[in-house]
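>>> Here is the input, now give the coordinates:
(chains A and B)
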Amino acid sequence: GNSVTQMEGPVTLSEEAFLTINCTYTATGYPSLFWYVQYPGEGLQLLLKATKADDKGSNKGFEATYRKETTSFHLEKGSVQVSDSAVYFCALSVGRRALTFGSGTRLQVQP
Amino acid sequence: NAGVTQTPKFQVLKTGQSMTLQCAQDMNHNSMYWYRQDPGMGLRLIYYSASEGTTDKGEVPNGYNVSRLNKREFSLRLESAAPSQTSVYFCASRHMTGTGDTYEQYFGPGTRLTVT
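Numbering: from 1, shown residues only, chains lettered A, B, ... in the order given. Now for the predicted structure:
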């Protein structure tokens, strides 16, 4: 079956620090990969996506590259802000199937 | 364009009570989904509806039923609530066609349910 593994949180960083949240996956078939973000008390919002190998998704300073050889889709940001504090979910979708989510990683950015 | 809306936002039930969570989308999406979110477990799929008139079980369907009322609306019913169903419930929708699928799912704001 399909599964997504994310690094455990919380991740606590100081403002302007570099962020990496690791995500690896297993999938039958050829998945599309996503990062979603959930701010406190809200639903999930799509942050970025990549639909084929070597694609780089980017949005709001966040980036992730679809690495088929390592089955990974790590999320990075060069300089985090307090407003980036949220829970980040890595997810995959194969064809027409519903998304499969990782367990989420809470990011706390301190001023 | 409201996107995906859910009602209610909060609900407290006693064990054995029933209730229906409502979800509607105005994006003309044909697929709709219900997830539950529990601490440390991410989102788990309860039921989904690939198109109007069809519903299928997801990963954790026990204790739930769904109805795809029309293209816009997809409701989730708890017939006899149990404390294990205390969770945050999210509805989502997605546009799926034979070609040019929209891959991402759009989520509602969630319903926080507590069963005592």
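>>> Go ahead and confirm A:Ala53 touches A:Thr71.
No: between A:Ala53 and A:Thr71 there is no contact under Cβ atoms under 8 Å: 10.3 Å. C-beta coordinates here come from the backbone N, C-alpha and C atoms, glycine included.
>>> Give the residue from these two that has the larger number of neighbours.
A:Thr71 (16 against 12; other Cβ atoms under 10 Å in any protein chain shown).
>>> Using the three-state scheme, assign the residue nearest to A:Gln45 when sequence neighbours are not counted.
Using Cβ to Cβ, 6 or more residues apart in numbering or on different chains and skipping residues adjacent in sequence, the residue nearest A:Gln45 is A:Val37, 5.5 Å away. Classification of A:Val37 using DSSP: H, G, I helix; E, B strand; the rest coil returns strand.
>>> who's in contact with A:Val37?
Contact analysis of A:Val37 by Cβ atoms under 8 Å, 6 or more residues apart in numbering or on different chains lists A:Leu44, A:Gln45, A:Leu47, A:Ala86, A:Val87, A:Tyr88, A:Phe89.
>>> And the host helix or strand of the third one, what does it pack against?
I take that to be A:Leu47. Assigned by DSSP states H and E, A:Leu47 belongs to strand A:44-50. Under the contact definition 3 or more Cβ pairs under 8 Å, 6 or more residues apart in numbering or on different chains; DSSP states H and E, strand A:44-50 sits against strand A:31-38, strand A:56-59, strand A:62-65, strand B:106-107.
>>> ok, B:Tyr35 to A:Glu15 distance?
Applying Cβ to Cβ, to the nearest Å, the value for B:Tyr35 to A:Glu15 is 32 Å.
>>> neighbour-wise, which of these two wins?
B:Tyr35 (28 against 13).
>>> Any idea what the residue most central in space within chain B is bridged to?
Geometric centre of chain B, nearest residue: B:Trp34, 2.5 Å, by Cα atoms, centre = their mean. Judged by DSSP bridges, the bridge partners of B:Trp34 are B:Tyr47, B:Cys91.
>>> residues touching it, list them.
B:Trp34 touches B:21, B:23, B:45-48, B:58, B:64, B:66, B:74, B:76, B:89-92, counting by Cβ under 8 Å, 6+ apart.
>>> Right, I'll leave it there.
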